[in-house]
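Student: with the sequence up front, the predicted model follows.
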Amino acid sequence: MGEILCLNAGSSSLKFALFAIRDGEPIPAASGKIENIGLEPHLIAHDAKGKTIAEQRWTQSDNATHETLLGDLLDRIEASAGPDLIGVGHRIVHGGIDFSEPVRLDDRVLARLDALCPLAPLHQPHNLAAVRAVQAVRPSLPQVACFDTGFHHAIPAVATRLALPRALEDEGVRRYGFHGISYEYIARKLGEIDPVLSGGRVIAAHLGNGASLCAIKDGQSVDTTMGFTALDGLVMGTRCGTLDPGAVLYLFQQKRMSAEQVEHLLYSESGLLGVSGVSSDMRALLASDDPRADEAIDLFAWQIARQAGALASSLGGLDMLVFTAGIGENSPEVRARSCARLAWLGVEIDAEANDSNQSIISTPASRVTVRVVPTDEERMIAIHTADLLAAGKDAS
Ligand code: ADP
């Protein structure tokens, strides 16, 4: 059918993955990232076997922008052997209440997504800038938005409501949930690898730089730890997670901080970094002998267990716990610490299976099956983009 480019654009980085679509199925062709955009960008790309196929550095005097870098990337893809690029799929963090399904991007949709930037200031503007950059260099190339909020659109009203005056809810101040592209992939994958239990009560833990939990029942999200913004829920690399709103008032009233300073503190200086004073990176914390690093890891694991307990209540019990993303897929230590706190729910880890990152890490006697499932958000975006383009759907 052709090839689809999936983009995940941040403020200074652009992750990409190219898939060939064969019989509706995405086959990985290449992937990579451009980092340090705005300073001295660095592109690196690998083929499906992990072999480096392109690497380039730009200096500041090259004045490389998101637009010129994306133009360069598209040139490379189009110049490579026999490609037929049929569309670009984007990870867009916020779809608000209007967009629960992937949608073809046009100026009208972009304007509605622009209005959601204040709800995801660190992600949404950069996601949309990449769409506009592609529009500028390839105006006729179809583009599709896949939303991190989409998978949570059917969670019950009681789990979306904030206890604030109704007028605020009417203007969209409610819980949305994020990491939905990852959770949708996990839910589908579980349907393939564990069809019986995947129909039961599942908690998926997406533990990366951003981190959240999702309660999944019959393959659908019924509750999640992130809320109105991606600040809520678990402790993250640099984000605070669940916080007493009174602490925010204190920052404004007693510390006399500005809105920008508070935003920076909550999004970029808190979480594992703020608590440890060492790093936001779990690998660095695990390697550190600073006691505050250990305390930060403990807080991370404690919050996972505490909030998993809350989601188990939303599910009415627990049949399966799934770990995914950078920390979830690779850190036996974090999995062991959080699972130890969930023993009361019937979670029992097999230390050997956990230490060697096996796909099932619970003991045969464990009441809850514990799995490690690598996520693949890019594949999910490729599937949606291919489906939408094949269906020839227009923007709603
Ligand atoms: P993002 O949310 O940016 O996509 P990732 O899913 O790649 O992030 O996760 C990044 C996190 O995963 C970092 O904290 C990193 O230290 C952690 N991580 C990666 N590999 C390991 C490992 N082997 N052990 C512990 N933590 C790891």
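Tutor: Nice, I can see it.
Student: mind checking the SS state of the nearest residue to residue 314 once chain neighbours are set aside?
Tutor: Nearest residue to residue 314, sequence neighbours excluded (Cβ to Cβ, 6 or more residues apart in numbering): residue 223, at 3.9 Å. The C-beta positions use only the backbone N, C-alpha and C, and glycine is treated the same way. With DSSP: H, G, I helix; E, B strand; the rest coil as the basis, residue 223 sits in strand.
Student: look up phi and psi at the closest residue to residue 200 other than its chain neighbours.
Tutor: Distances taken as Cβ to Cβ, 6+ apart place residue 319 nearest to residue 200, at 3.7 Å, with adjacent residues excluded. Main-chain torsions, residue 319, degrees, to the nearest 10: phi -110, psi -30.
Student: so what touches the strand or helix carrying residue 386?
Tutor: Per DSSP states H and E, residue 386 falls inside helix 377-391. Helix 377-391 has contacts (Cβ atoms under 8 Å, 6 or more residues apart in numbering) with 1, 4, 6, 8, 15, 17, 19, 21, 24, 26, 28, 31, 86-91, 102-104, 142, 144, 146, 181-182, 184-185, 188.
Student: look up how far residue 250 lies from the closest residue to residue 362 other than its chain neighbours.
Tutor: In space, and not counting its chain neighbours, residue 362 is closest to residue 370: 3.9 Å by Cβ to Cβ, 6+ apart. Distance of residue 370 to residue 250, computed by Cβ to Cβ, to the nearest Å: 39 Å.
Student: which of the two has more neighbours?
Tutor: residue 370 (23 against 12; other Cβ atoms under 10 Å).
Student: would you mind listing what in the stretch 251-396 of the chain touches the ligand?
Tutor: Residues of the stretch 251-396 of the chain found near the ligand, taking Cβ under 6 Å from any ligand atom as the criterion, are 281, 282, 283, 286, 325, 326, 327, 330, 331.
Student: and if you look at the stretch 101-250 of the chain?
Tutor: 208, 209, 210, 237.
Student: which one of those residues sits closest to the ligand?
Tutor: Checking those against the ligand by Cβ to the nearest ligand atom gives residue 208 as the nearest, at 2.6 Å.
Student: quick one: the residue nearest to residue 362 is in a strand?
Tutor: Yes. Per three-state DSSP, residue 370 lies within a strand segment.
Student: against residue 314, how distant is it?
Tutor: 19 Å.
Student: could you find the closest non-adjacent residue to whichever residue of the stretch 201-350 of the chain sits closest to the ligand?
Tutor: Of all residues in the stretch 201-350 of the chain, residue 326 sits closest to the ligand, at 2.0 Å by Cβ to the nearest ligand atom. Counting by Cβ to Cβ, 6+ apart, residue 326 lies nearest to residue 208, which is 4.5 Å off, once chain neighbours are set aside.
Student: next: residue 89.
Tutor: That would be residue 385: by Cβ to Cβ, 6+ apart, it lies 3.3 Å from residue 89.
Student: per-residue confidence at that neighbour?
Tutor: At residue 385, the pLDDT value in this model is 96.
Student: next one: residue 81
Tutor: 54.
Student: confirm that residue 239 sits in a strand.
Tutor: No. According to three-state DSSP, residue 239 belongs to no strand; its state is coil.
Student: give me the low-pLDDT residue ranges for the stretch 51-200 of the chain?
Tutor: Along the stretch 51-200 of the chain, the parts satisfying pLDDT under 70 run over 81-83.
Student: what about the strands in it?
Tutor: For the stretch 51-200 of the chain, the strands defined by DSSP state E, counting those that start in this stretch cover 52-57, 85-92, 103-104, 143-147.
Student: between the last one and strand 85-92, how many degrees?
Tutor: Orientation note: strand 143-147 sits at an angle of 30 degrees relative to strand 85-92 (axes from the mean of the first three to the mean of the last three Cα atoms, to 10 degrees).
Student: what's strand 143-147 in contact with?
Tutor: By Cβ under 8 Å, 6+ apart, strand 143-147 touches 87-95, 99-100, 102-105, 109, 113, 131, 134-135, 180-181, 380-381, 384-385, 388-389.
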